[in-house]
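K.L.:
I need the structure of the sequence given here:
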Amino acid sequence: MVGTMLPEVGDGLGVSAHAVAAALTAYMVPFAGLMLVSGTLAHRWGRARTVRTAYLLYAAASLACAAAPTLGLFLGGRAVQGAANAFTTPLLVSLIHDLVPEKRLGRALGTYASMQAAGQAFSPLVGGAAAGWDYRLAFGAVALAAGALPLATPVVAEQDSEVRGSRWRPLANLELARACALAMVGNLASTGLMLMVALLASDRFGLEPAARGLVVALFGLAGLLLGRLVGRLPERFGWRAAGLVTVTALGLATAPVGAAPSLWLVAGLVAVAGLASVGVRVVVNALALRSTPVNRSGAMSVTLSAQFTGSALAPILLLPVYGDSPALAFLLAGLSLVVGLGVIATSRSLRA
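P.N.:
Numbers count the residues shown, from 1 in each chain. Next up, the predicted model:
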């Protein structure tokens, strides 16, 4: 959301948009760092209690961002937002595992992934619309939403074996390493696709910012509309088959975008990639959950940290190549998913 309102935030704080860009780093550093340990710590504290506390802390930090009179205080609020959010996503996925029968897990994870896709699709649009009035309104709305979410957090009885004692050692297992590898290349390709499509829409097709945003939003919209349907693939064909199909689809949709001759074809490939990415995310989550039964939240937090790393690597690895050859950059992003195919083919957890 913040990425679309940097100039307005800068005007409100009396600094340049370039200076406000540090808000992205201020959020991501504590988010990524704490993500590695958040799930395991939450097993000790209680997952539902931790999620509720994180929501309330996020709400308070959002209000601080809305009211901040200086850049320093604004960045401080963003850092607290990142720290709080590290204690939500991995815990929610492990709670879903405990609440849903195994035979319906794919569908539930698909629904969850579709909600994440909705956030990807709509947050830039909401942020841009709010910035047209006052960027503080966006943070105020986020604070209200986060403050209400503790009421919706499910309650799950914690198992003693998961709450007591250290749960760090079981995380050192090959299946979790496979989940991390799949998460990393999946997000490397997905993030790279969205970044480069925005550039391609401007460079090749001359689209204005709003139109470029709409093309990129198709990635999330496709996942939102059909994510639950994709989540049913493992129930019907098995986890391994679903993983092979969705990873292949993401690669095949990403690789040719740079050579696509028409905007309509680019838009169609982006939508297919967005839908396939939901399936990849579902398989990643299932693999992580199955890898470490005694510390599922810890496994999810480590996997999501790897997923974030893939997103962080995308601009570093792909944008320099895009500058020389857009077609080659998209091709490399698609080919990176060969690693994902290898992970799925060798995984023991996905055979069931």
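K.L.:
show me where the stretch 251-352 of the chain has helices.
P.N.:
Per DSSP state H, counting those that start in this stretch, the stretch 251-352 of the chain has helices spanning 263-291, 296-324, 326-335, 338-346. These are given in chain order.
K.L.:
what stretches of this protein score poorly on pLDDT?
P.N.:
3-4, 6, 120-121, 124-125, 128, 131, 156-167, 209-210, 352 (pLDDT under 70).
K.L.:
For Thr254, which residues are in contact?
P.N.:
With Cβ atoms under 8 Å, 6 or more residues apart in numbering as the criterion, the residues that contact Thr254 are 189, 192-193, 269, 273, 330, 333-334, 337. Heads up, the C-betas are built off the backbone N, CA and C, glycines and all.
K.L.:
Equivalent analysis for Ala314, please.
P.N.:
187-189, 191-192, 195, 333.
K.L.:
Show me which of those is closest to Thr153.
P.N.:
Set against Thr153, the nearest of these by Cβ to Cβ is Asn187 (25.9 Å).
K.L.:
Could you report the neighbour count for that closest one?
P.N.:
Residues within reach of Asn187, counting by other Cβ atoms under 10 Å, total 24.
K.L.:
again, but for Leu144
P.N.:
By the measure other Cβ under 10 Å, the count of residues near Leu144 is 12.
K.L.:
so how far is whichever strand or helix holds it from its chain's centroid?
P.N.:
Mapping Leu144 onto the secondary structure by DSSP states H and E places it in helix 135-148. In terms of Cα atoms, centre = their mean, to the nearest Å, the gap separating the centre of helix 135-148 from the centre of its chain is 20 Å.
K.L.:
now do stretch 63-76
P.N.:
Centroid separation for stretch 63-76 versus its chain: 25 Å, with Cα atoms, centre = their mean.
K.L.:
Give me the buried positions along it.
P.N.:
Burial within stretch 63-76, assessed by neighbour count using 16 or more other Cβ atoms under 10 Å, is assigned to 63-66, 68, 71, 74-76.
K.L.:
Same check on stretch 172-192?
P.N.:
Going by neighbour count (16+ other Cβ under 10 Å), the buried part of stretch 172-192 is 175-192.
K.L.:
ok, which stretches of this structure are strands?
P.N.:
Secondary structure of the chain (DSSP state E): no strands present.
K.L.:
Count the neighbours of Trp133 for me.
P.N.:
Using other Cβ under 10 Å, the number of residues around Trp133 comes to 10.
K.L.:
quick check: domain ranges of this structure?
P.N.:
Structural domains of the chain, as assigned by automatic domain parsing, span the residue ranges 2-153, 170-351.
K.L.:
Asn85 against Ala54, yeah?
P.N.:
Yes. With contacts counted by Cβ atoms under 8 Å, Asn85 reaches Ala54, the gap being 7.1 Å.
K.L.:
Which of the two has more residues huddled nearby?
P.N.:
When Asn85 and Ala54 are compared on other Cβ under 10 Å, the one with more neighbours turns out to be Ala54, at 24 against 21.
K.L.:
which ones are touching the more buried one?
P.N.:
Contacts for Ala54 (Cβ under 8 Å, 6+ apart) come out as 84-88.
K.L.:
Please apply the same query to Leu313.
P.N.:
With Cβ under 8 Å, 6+ apart, Leu313 has these contacts: 184, 188.
K.L.:
What's the separation between it and Phe219?
P.N.:
Taking Cβ to Cβ, to the nearest Å as the measure, Leu313 and Phe219 are separated by 18 Å.
K.L.:
Same check on Leu304?
P.N.:
Computed as Cβ to Cβ, the Leu304 to Phe219 distance reads 19 Å.
K.L.:
For Gly10, find the nearest of the helices of the stretch 251-352 of the chain.
P.N.:
When the helices of the stretch 251-352 of the chain are compared for distance to Gly10 using Cβ to Cβ, the nearest one is helix 296-324, at 21.6 Å.
K.L.:
Run a quick neighbour tally on the closest residue to Tyr27 other than its chain neighbours.
P.N.:
Of all residues beyond its chain neighbours, the one nearest Tyr27 is Gly82 (4.0 Å), with distances taken as Cβ to Cβ, 6 or more residues apart in numbering. Neighbourhood size, Gly82 [other Cβ under 10 Å]: 24.
K.L.:
Hmm, Gly82 is touching Thr25, no?
P.N.:
No. Between Gly82 and Thr25 there is no contact, the gap being 9.5 Å when judged by Cβ under 8 Å.
K.L.:
picking that back up, figure out which of the helices of the stretch 251-352 of the chain is closest to Met5.
P.N.:
Within the helices of the stretch 251-352 of the chain, the stretch nearest Met5 is helix 296-324; the backing value is 20.0 Å (Cβ to Cβ).
K.L.:
Cheers, nothing more for now.
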